[in-house]
Structure formats: structure tokens, C-alpha cells
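Novice: Below are the sequence and a predicted model for it; my questions follow.
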Amino acid sequence: MDSSASGPAHGRSRPPIPDAPPILIRDLHKQYRDTAAVRGLSFHVDAGHVLGLVGPNGAGKTTTMRCACGIIPPSSGSVSIAGNDVASDPVAAKRELAFVPDDPRLFESLTVWEHLHFTASAYRVPAHEWPAHADGLLAQFELTEQKHTITQELSRGMRQKTAICCAYLHRPRAIWLDEPLTGLDPRGIRTMKDSIRRLASQGAAVVISSHLLALVEDICTDLLVLHRGQSLFFGSLEQAWAERSAFGDATLESFFFRLTEGDRDSRSAAAVTAGPASDGARGGSAEPGSPQGPANPRASQ
């Protein structure tokens, strides 16, 4: 087992959680020496939903994503991907997820097609299936002409597209994207947005970490605002709009600044009472299937 799979749970694999959402995080903590990067974070993402993960620099967004994908172990708490515990059954969990970091590391001497071949082998995508799917992804992201080009010779945007194609190849049920529009031109941005919507419509759960609040408003169904490792808001985008209007915030940007730069009292007064319309089990509770989450969707401060 590699180091990324290590964590607080070891030994025998836990059985998959029945009827679990594709992404389920419970009481996640990550401590770096004297710094608490993530503190008691709980949330889940249902199939067909797109969660916008936002927060200031240092809020814990990337740490959350890296813990959720099994790249680094959490200090405590649990992460489940498609019902599989990331710590105790990392192979099963990682088989169901994809992660595109903000600066994807590719093999400089491999071609675009060789990257896809390697990815298909790593995820055991059937040999009769992956080539056609790979060709379709290359056409979708306008990389067909670069199919046999080594990635060292690609532009930043084309490298980003290559990483995205590799991430999509095994049809993951949980997809984590860290600043996915980095390096993309306007056509690439539109293609990326369309691909996210299409994956969600096919039942995937998608998490987008971005500082581009316009992107979040455009394609996300749900919103999680982090600050200093804690959740300030977790709910549907409709709830965020309702709360924003109630407090006179004209834009998601002003709502974001009120949450992350306002005082504790103003944040508490702005609490909403229910989760996203899909299942109501939001608002800080990550338990699927509960009739209604707690009154305050933010983690306790």
C-alpha cells in the first residue's frame, strides 16, 4: 500500500456503505504540526450534483481535496467514495474517482495517446472499450491533431486538456477539479463547462474548487464556503441566493465576502435552515437520507 492510502484506519477493509452518495465526508480534520488546515468538515455530494468549493487562500480547499482523494491521510475523520472508505479500501475508492489538480503533472516524454493508454491500464478499462472513448474525448477537447505529440511540446492549455481527458477516461463516479479552467482559451472553457454538465447529467458527483465565483454560479448546484479550515456555508445554490437576498447581497461575490470577512455574529444571523432541495440532508450534516439537516448549515465555529 502506498503512503497516500495510509490514514487513521488500517488493516481490514470496511464493507462498502450501502446507498451512500458518491462523495461522503464526515468530521474531517487535517493537522500540519501547529496548523489546523481542516477542522471538523462534513459534507456530501449526491449523484448528478456539482459542488462549488470556495474560500480564501489558505482556507483548506486543496487539503480537503487531497485528503478526499487519498493523496494525503487525514488526521481524523472519514472519506468515502461511492461507498468505499478511502483509508481502509483505497484501491476500490480510487477506482471510482478522478482528481485534476491546478497544475497537472504529466510525463514529459509520453505522447497524449500514451497518457491515455497508461491511464486505461492503471484503471483496468477494457481494451475493447477505451480507444473509442479516448478518441471521443480527444475530439471533444480538440486534441485529435496532438494525439501523437509528446506533452513537453504542448501549450499549458493543451496539457490541461490532456489531464482532463485522462481523468474522464475511466468514467469516474466522483470527480474533483481544482481550478479546472486554468490555461484554457474561451472555446476550451466552454467545452470544459459543457463536459461537467454532461457528466453530472450522467450521474457523476463533481466538486469544483475555484476562485472564479462566476463559474460557480454558472454550473454548480451546491455551494461549500470554507474559511480557516471550517465550513461557513453548505447548501444548495438556491439557498445561497435566498440568504444573499435576505441580507442585501447583490452578488455571490458580496455574499462570499460577508461570510469570510464579516464577524461571527453576522454569519450566525445569516443561517439557513434546510439543505439542497434534492434530499434535505445538508447544512453541515453529511448523513444521507435524513429528513432534514441541522438548522445551521455551517460547521460550529
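Specialist: In hand now; what should we look at?
Novice: quick one: contacts for the residue nearest to the spatial centre of the chain?
Specialist: The residue lying closest to the centre of the chain (C-alpha atoms, centre = their mean) is V207, at 2.6 Å. Residues in contact with V207 (C-beta atoms under 8 Å, 6 or more residues apart in numbering) are 23, 45, 50-51, 53, 65, 68, 174-177. All C-beta atoms are positioned from the backbone trio N, CA, C, and that covers glycine.
Novice: What about these, which are in helices?
Specialist: Among the contacts of V207, DSSP state H puts 65, 68 in helices.
Novice: of all the contacts of V207, which comes closest to E243?
Specialist: L51 (16.9 Å; C-beta to C-beta).
Novice: mind listing what that closest one touches?
Specialist: Taking C-beta under 8 Å, 6+ apart, one finds 23, 43, 45, 205-208, 220-224 in contact with L51.
Novice: quick one, helices of this protein?
Specialist: Using DSSP H, helices in the chain cover 61-68, 90-95, 112-122, 130-140, 156-168, 186-201, 213-219, 237-246, 252-261, 264-269.
Novice: Show me what the first one is packed against.
Specialist: Which is helix 61-68. Counting contacts by 3 or more C-beta pairs under 8 Å, 6 or more residues apart in numbering; DSSP states H and E, helix 61-68 is packed against strand 23-32, strand 35-45, strand 50-54, strand 76-81, strand 174-178, strand 205-209.
Novice: Let's see that with 7 Å instead.
Specialist: strand 23-32, strand 35-45, strand 174-178, strand 205-209 (3 or more C-beta pairs under 7 Å, 6 or more residues apart in numbering; DSSP states H and E).
Novice: ok, I81 - contacts?
Specialist: I81 makes contact with 22-23, 93, 96-97, 174, according to C-beta atoms under 7 Å, 6 or more residues apart in numbering.
Novice: cutoff 8 Å now
Specialist: By C-beta under 8 Å, 6+ apart, the neighbours of I81 are 22-23, 68, 93-94, 96-97, 173-174.
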